[in-house]
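In: take this sequence and fold it.
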Amino acid sequence: MATSAVSGNKPLTNRASGDTFRCPICLEEVRNPKYLSCLHTFCESCIQTYISSTATCHDSLNTKTINCPVCRKRIDAPRKDISDEEWASSLPQNKLIVSMWLNSNPDKELCKFCERKEKKVSATHWCKACMETICDECKAFHDLVPSLQNHKIVNMADTQAYGNDVEVEELCLEHKGKVVDAFCHYHQKLCCCICLASHHISCQRVQVIADMEVEQERTHVQNIVSTFSDLEESIKNMQQKSREKIDHLNSKKQEICMQIDKAITELKTLIDDAHTALIKQFDQTHSDSIGNLEIAFDELKRFSTTVCETKVLLQLMLEKGSPKQLFVTKQNQLARINDHISCLKSLDVWTFPEDYTLPDSNFLDQLFNKKKLEGVKMSKTPSGTIETILQTVQKATSSDIMRRKHDASKKDWMKVTFKLVSQVTELLNWTFYGIFTHDTKILFLSQMPPSLNIFDISEPIGKCVHTEECQYTPYGLCHSRVNESLNEVYVSFQNNVVLYLIDIRDKVTFTKLRTIQLNKPMLAISCGMTTMFSANNSKAFICSQDFTIEHETPYKRGTADVPLLASSSESDFHCFTADGRVVVSDRNKRNVFQTEKIQGELRGMTFDLHDNIFICNKKNKIKLIKQIKFGGSESREIELDGISAAYNVALHPTGEKMLVLDFGKKCCVYQIM
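Out: Here you go, the predicted structure:
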């Protein structure tokens, strides 16, 4: 299937890494690589055959479409009347893959131009535009013809230039012909000049890609490659478990059928019809069970292809690419991984059939009493496949949070200023806590009615985009520090704590990763470097990561409606209020320092990236934020735009933003300058 004239039909192999980039259709080394808009790459002949066999007309416009063989994304033809051959030929060529071939196949060949004239002349150069080997004379011909003079030609004898000449598509996917040359950290988007002018003109953190640090990107990509190697191995293990489950269910089916046949034989004259119906029902149940597992197995195989391609391309760019090429490839490949995960999540195949049971083999009583035989029962269990994939992929991207946090920690935090960027005015009653789950998403909990609410703050006025109803009343929430990700969140329900994975990419979904039963009620919770800090209305607790209590002490919540406390993300320090003072203690319950008594009503608090403390204070009818330097030697009072009665405060884990809850059903979000 994979037969093409490009590159002399040589396989595309990355010899440096030992990996081979294979076509997902023919499973052979890819030849004449063409890629779809979802960035999956195939042999030109393979994708042409696929288009011929699967293309269908869509909607009233009669536009031909296909679904990507790997990720199932819909791909529209460039025009209505295009032939299958023209469509395949018009697809863009993957220059990076061609560069892989060029770098891994330095053997001398014959000049392709001369071969057409039935001459055999050794090639000395490679024309990247023509995608062919040429001799000295044909190179000189290129220099004479105006339309050929701009072709980039590589000397095959110059091994250094020949080996390091790597090309990556750096064109904007939205604006045809424009090159990406910047990156918006606020929206996590690659940008061309039109993107910058149209969508990112007011964004605070836009960086020129050429100015990015080389070693930083290399370290990040190395981490991604390592993580995807682990993910690839994890997928193989999951496929193996699926296959073992299929074998077990087949074996169990055979065993039960033998039991059924033995019982039925004794009553053959009475139950022939019922026996036939039972086996038919069981065959259907079994067929559905195996079909579900086969679909899951096949989808994991396709996702493994995406992961393998991403790993190979990133490894190649790590070895051969420029910093810009490395960064562009990284962002494109991570976006492709996320798109494929969204496709996987949309499939209803991840609750696996677990086992079969035969409820009762007294068929005679069943026939007399129910006039039918009771069918085989099938039990199901969640596979955890999507959760495992999401957690693994998040490990690859969490290093960006750490980098941004490192950049923000360089500020003098006792002198930072605050710019109001968004307000939320639709909060429900009894909303006392909020945390960031994304750069532009905030999670609030409401006690009346019991719910978890996601608000989008990308605009000046935030709006609710999802409400997760709760069976029990939620009291407190905090980030998990295990994976340093924004979307793993602990929520306390007084007698238990649930760890949620919150996915906001296509639509907001809450997945329960873990439920922890508590020995004592806990309302407020916060997470330090290695310990948890929590409290109810009479006790405060220092706990291990699984909420096992290590220390407890009497606690009074003061004038607040709920316990208010905080933990540092930089250390294992915790802070709370006692008798009008702010107290900071370590993981062993020893006081690190405490302030003098502060005039006013102290409420919610948080640590900044230097372990200074922001605390809400109502003082002489002026509602403000007080900042206390670590150790208590210095402090300042900060009045914030938009706040009338500051009740609680939370910092974005990167230190780039801060949210302040107003007691009047309102929240303001500030950019930290």
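
In: list the beta-bridge partners for residue 464.
Out: When bridges are called by DSSP bridges, residue 464 pairs up with residue 455.

In: thought it was touching residue 452?
Out: No: under the criterion of CB atoms under 8 Å, residue 464 is not in contact with residue 452, lying 11.1 Å apart. All C-beta atoms are positioned from the backbone trio N, CA, C, and that covers glycine.

In: what about those two, which has more around it?
Out: residue 452 (22 against 14; other CB atoms under 10 Å).

In: so what's the more buried one up against?
Out: Neighbouring residues of residue 452 by CB atoms under 8 Å, 6 or more residues apart in numbering: 443-446, 467-468, 470, 474, 491, 500, 510.

In: ok, which pair from these is furthest apart?
Out: Spatially, the most separated pair among those is 446 and 500, at 15.3 Å (CB to CB).

In: just the mean pLDDT for stretch 533-548, thanks.
Out: For stretch 533-548, mean pLDDT rounds to 91.

In: got it, and stretch 611-629?
Out: On average, stretch 611-629 scores 82.

In: and it, what's buried?
Out: Buried residues in stretch 611-629, counting neighbours by 16 or more other CB atoms under 10 Å, are found at 611-618, 623-629.

In: sort out for me which of those are in helices.
Out: Per DSSP state H, helices hold no members of these.

In: confirm residue 381 sits in a strand?
Out: Yes: assignment of residue 381 by DSSP: H, G, I helix; E, B strand; the rest coil places it within a strand.

In: and it, how many neighbours?
Out: Other residues close to residue 381 by other CB under 10 Å number 10.

In: from what I can see it touches residue 351, true?
Out: Yes: the pair residue 381 / residue 351 is scored as a contact, 7.1 Å apart, by CB under 8 Å.

In: report the buried residues of the longest strand along the chain.
Out: Selection of the longest strand in the chain by residue count, based on DSSP state E, yields strand 509-522. For strand 509-522, the neighbour count (16+ other CB under 10 Å) marks 510-511, 516, 518, 521-522 as buried.

In: out of those residues, which is nearest to residue 154?
Out: Out of these, the member with the shortest distance to residue 154 (by CB to CB) is residue 511, at 50.0 Å.

In: tell me which residues touch that closest one, please.
Out: 386-387, 500-503.

In: what segments of the stretch 501-650 of the chain are strands?
Out: Using DSSP state E, counting those that start in this stretch, the strands of the stretch 501-650 of the chain run over residues 509-522, 524-527, 532-535, 539-543, 549-554, 566-567, 574-578, 581-585, 591-594, 601-607, 613-619, 622-628, 635-638, 646-651.

In: of all those strands, which one is nearest residue 257?
Out: Across the strands of the stretch 501-650 of the chain (criterion: CB to CB), the nearest stretch is strand 509-522, sitting at 37.0 Å.

In: can you list the strands that that closest one pairs with?
Out: Partners of strand 509-522, by DSSP bridges, with direction: strand 494-503 (antiparallel).

In: buried sites along the partner strand?
Out: 494, 497-503.

In: what does that strand rub up against?
Out: Counting by CB under 8 Å, 6+ apart, 345, 387, 390-391, 437, 443, 452, 454, 472-473, 475, 480, 487-491, 508-518, 521-523, 525, 536, 547 sit against strand 494-503.

In: what mean pLDDT does that strand have?
Out: 91.

In: ok now that strand, how far from the chain's centre?
Out: 19 Å (CA atoms, centre = their mean, to the nearest Å).

In: that one to strand 539-543, inter-axis angle?
Out: 50 degrees (axes from the mean of the first three to the mean of the last three CA atoms, to 10 degrees).

In: how about the helix or strand where residue 421 lies as PDB, C-alpha atoms only?
Out: Assigned by DSSP states H and E, residue 421 belongs to strand 418-424. Backbone C-alpha positions of strand 418-424 (Å, rounded to 0.1, in the frame of the first residue of the first chain) are rendered in PDB as follows:
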ATOM      1  CA  PHE A 418      -3.100  44.600  41.800                       C
ATOM      2  CA  LYS A 419      -5.100  45.200  38.600                       C
ATOM      3  CA  LEU A 420      -8.800  44.300  38.500                       C
ATOM      4  CA  VAL A 421      -9.400  42.000  35.500                       C
ATOM      5  CA  SER A 422     -12.700  40.300  36.200                       C
ATOM      6  CA  GLN A 423     -15.700  40.300  38.500                       C
ATOM      7  CA  VAL A 424     -18.200  37.500  39.400                       C
END
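
In: can you point out the buried residues in that strand?
Out: 418, 421-424.

In: kindly report the same for stretch 77-89.
Out: For stretch 77-89, by 16+ other CB under 10 Å, it's 77, 82, 84, 87-88.

In: burial count for residue 285?
Out: Residues near residue 285, counting by other CB under 10 Å: 17.

In: for it, give me its contacts.
Out: Contacts of residue 285 (CB under 8 Å, 6+ apart): 356, 375-376, 378.

In: try 7 Å this time
Out: Going by CB atoms under 7 Å, 6 or more residues apart in numbering, residue 285 touches 376, 378.

In: and if you look at the one 3 residues further on?
Out: The neighbours of residue 288, taking CB under 7 Å, 6+ apart as the test, come to nothing; the list is empty.

In: and it, what element?
Out: helix 268-320.

In: give me the mean pLDDT for that helix.
Out: pLDDT averaged over helix 268-320 gives 87.

In: return the set of buried residues in whatever helix or strand comes next after it.
Out: Downstream of helix 268-320, the next assigned helix or strand under DSSP H and E is helix 323-345. Buried residues in helix 323-345, counted by 16+ other CB under 10 Å: 323-337, 339-341, 343-345.

In: returning to that earlier point: redo the buried residues of stretch 77-89 as CSV? Include distance to residue 312, pLDDT and secondary structure.
Out: As requested, the buried residues of stretch 77-89 are arranged in CSV below (distance: CB to CB, whole Å; pLDDT from 0 to 100; DSSP: H, G, I helix; E, B strand; the rest coil):
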residue, distance to residue 312, pLDDT, secondary structure
77, 29, 89, coil
82, 31, 88, coil
84, 28, 89, helix
87, 26, 90, helix
88, 23, 90, helix
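
In: which one of these is nearest to residue 225?
Out: Among those, and counting by CB to CB, the member closest to residue 225 is residue 88, at 31.0 Å.

In: name the nearest residue to that closest one, sequence neighbours excluded.
Out: residue 48 (3.5 Å; CB to CB, 6 or more residues apart in numbering).

In: show me what contacts that neighbour?
Out: Residue 48 neighbours (CB under 7 Å, 6+ apart): 84-85, 88.
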